[in-house]
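Chemist: below are the sequence and a predicted model for it; my questions follow.
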Amino acid sequence: MKHIAVLTSGGDAPGMNAAIRAVTRSALDQDMTVYGVRQGWQGLVDGQFRQLSARDVGGIIQVGGTFLGSARSAEFRQESGRSKALRNLAQRGIDGVVVIGGNGSQTGSYMLSQLGIHVVGIASTIDNDLLGTDISIGCDTAINVTLEAIDHLRTTGSSHNRAFLVETMGRDCGYLAIMAGLAGGAEVISTPEFEVPASEIAQRLRAAYERGKTHAIVVIAEGVKENSTKILSYFDADKQRTGFELRTTTLGHVVRGAPPSAFDRILATRLGVNAVKALANGDTGVVVGWQKNEVTLTPLPDIVGRIKPVDTELLELARILAK
Ligand code: F6P
């Protein structure tokens, strides 16, 4: 394998830049030519390629987001779009592609690998909903940003005897909410997998208030049906339901844009280097992940279109520790 391309796709995640850097420099070390593709799958369709040198990926390991840009491409999902992408790759003699992204992106990887191009995916999404890895690039940083917000809200909550509803990202997966909630000592965590109804949230807050707590935190994952606005209007109907005065904070994209944690930089580095190794070994149609403290390769058909289940024991643990 002599010429490879690297792209980032889907929602950006802290550590994507560190992964691009690792892919580029380890490929250059193996005398490969590396092309960066702008704007994810769309750039592959439109022919937005740029050859990358070691210097081009300098000074980015500490920067969140992706300097290549990212996009969700409807065109690549059409056969005509994929044919254009194939032509663009063939023109440059590129026979290997590294795709850094989450669930939707790795579905694209699978499609491309079916067309005879060697494709290796790198697990990267703040949602951590991708199978084939215990943890995805970006998730650790997103947990820490959510946690920092929880800590701040707890401090001000304590001063004013308030409870806060904190809504974090995660799409249909509650992992981010569970981990940040556990680390932040949340009184309640509600996720798409185990949604806590507003009436039960009220009961738990009331109980916390009666136990003499001066603050309370409810972490809500974005994918729940009863989101923070709905919960707030339920509580507004009867202010005595919880004891506490209530406020809500929706974190949204704030959790996605932070500089990557040390963990995410190291994970991205490990996965990036091993993606290039996989291509050099002739592997294709696989995702590089981190499982049981080791780099692993998992066939894409085993993971695409599925969501990794969350560990429900952690939710029970959080409930017990909120006493
Ligand atoms: O998949 C990452 C993610 O940040 C999800 O947590 C969230 O649901 C989604 O992307 C938001 O997408 P967009 O950036 O397109 O609004």
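Modeler: Noted; the coordinates are in hand.
Chemist: okay, CA-based contacts and neighbour counts for the rest of this
Modeler: Fine.
Chemist: longest single helix anywhere in this protein?
Modeler: Ranked by residue count, the top helix of the chain under DSSP state H comes out as helix 139-160.
Chemist: and that one, what's buried?
Modeler: Across helix 139-160, burial judged by 16 or more other C-alpha atoms under 10 Å covers 139-147, 149-151, 153-154, 157.
Chemist: contacts for that helix?
Modeler: Outside helix 139-160, the residues that touch it by C-alpha atoms under 8 Å, 6 or more residues apart in numbering are 13-14, 125-128, 163-164, 166, 168, 176-177, 179-181, 183-184, 214-217, 251, 254-256, 258-261, 263-264.
Chemist: mind giving me the domain split of this structure?
Modeler: Taking automatic domain parsing as the domain assignment, the ranges for the chain are 3-138+260-302, 143-257.
Chemist: quick one: low-confidence ranges for this protein?
Modeler: Counting by pLDDT under 70, the chain has low-confidence residues at 239.
Chemist: tell me the residues of it that contact the ligand?
Modeler: With C-alpha under 6 Å from any ligand atom as the criterion, the chain meets the ligand at residues Gly11, Thr125, Ile126, Asp127, Met169, Gly170, Arg171.
Chemist: do that again at 5 Å, thanks
Modeler: With C-alpha under 5 Å from any ligand atom as the criterion, the chain comes near the ligand at residues Gly11, Met169, Gly170, Arg171.
Chemist: can you tell me the closest non-neighbouring residue to the second one?
Modeler: This points to Met169. Of all residues not flanking Met169 in the chain, Glu222 sits nearest, at 5.1 Å (C-alpha to C-alpha, 6 or more residues apart in numbering).
Chemist: give the contact list for that neighbour.
Modeler: With C-alpha under 8 Å, 6+ apart, Glu222 has these contacts: Glu167, Thr168, Met169, Gly170, Arg171, Asp172, Thr191.
Chemist: same thing with Tyr110?
Modeler: Val119, Gly285, Leu300, Pro301, Val304.
Chemist: let's see it at 6 Å
Modeler: For Tyr110, the contacting residues are Gly285, by C-alpha atoms under 6 Å, 6 or more residues apart in numbering.
Chemist: so which helix or strand takes in it?
Modeler: helix 103-113 (DSSP states H and E).
Chemist: give the buried residues for that helix.
Modeler: Result for helix 103-113 [16+ other C-alpha under 10 Å]: buried residues Asn103, Ser105, Gln106, Thr107, Gly108, Ser109, Tyr110, Met111, Leu112, Ser113.
Chemist: okay, the residue nearest to Met169 and Phe235: tell me how far apart.
Modeler: The span separating Glu222 from Phe235 equals 19 Å under the rule C-alpha to C-alpha, to the nearest Å.
Chemist: now do Lys308
Modeler: Taking C-alpha to C-alpha, one finds Lys308 at 33 Å from Phe235.
Chemist: who has more neighbours, those two?
Modeler: The neighbour count for Lys308 versus Phe235, taken as other C-alpha atoms under 10 Å, is higher for Phe235 (19 against 15).
Chemist: can you pull out the strands in the stretch 51-200 of the chain?
Modeler: 96-101, 118-123, 162-168, 188-190 (DSSP state E, counting those that start in this stretch).
Chemist: dump those strands to JSON lines, plus mean neighbour count and distance to Ser53.
Modeler: Listed next are the strands of the stretch 51-200 of the chain as JSON lines, based on neighbours: other C-alpha atoms under 10 Å; distance: least, C-alpha to C-alpha, whole Å:
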{"stretch": "strand 96-101", "mean neighbour count": "29", "distance to Ser53": "16"}
{"stretch": "strand 118-123", "mean neighbour count": "31", "distance to Ser53": "21"}
{"stretch": "strand 162-168", "mean neighbour count": "25", "distance to Ser53": "37"}
{"stretch": "strand 188-190", "mean neighbour count": "26", "distance to Ser53": "45"}
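Chemist: which residues sit in contact with the residue nearest to the spatial centre of the chain?
Modeler: Against the mean C-alpha coordinate of the chain, by C-alpha atoms, centre = their mean, the closest residue is Ile126 at 1.6 Å. Taking C-alpha under 6 Å, 6+ apart, we find Ile126 in contact with Ala13, Gly138, Cys139.
Chemist: sweet, I'm off.
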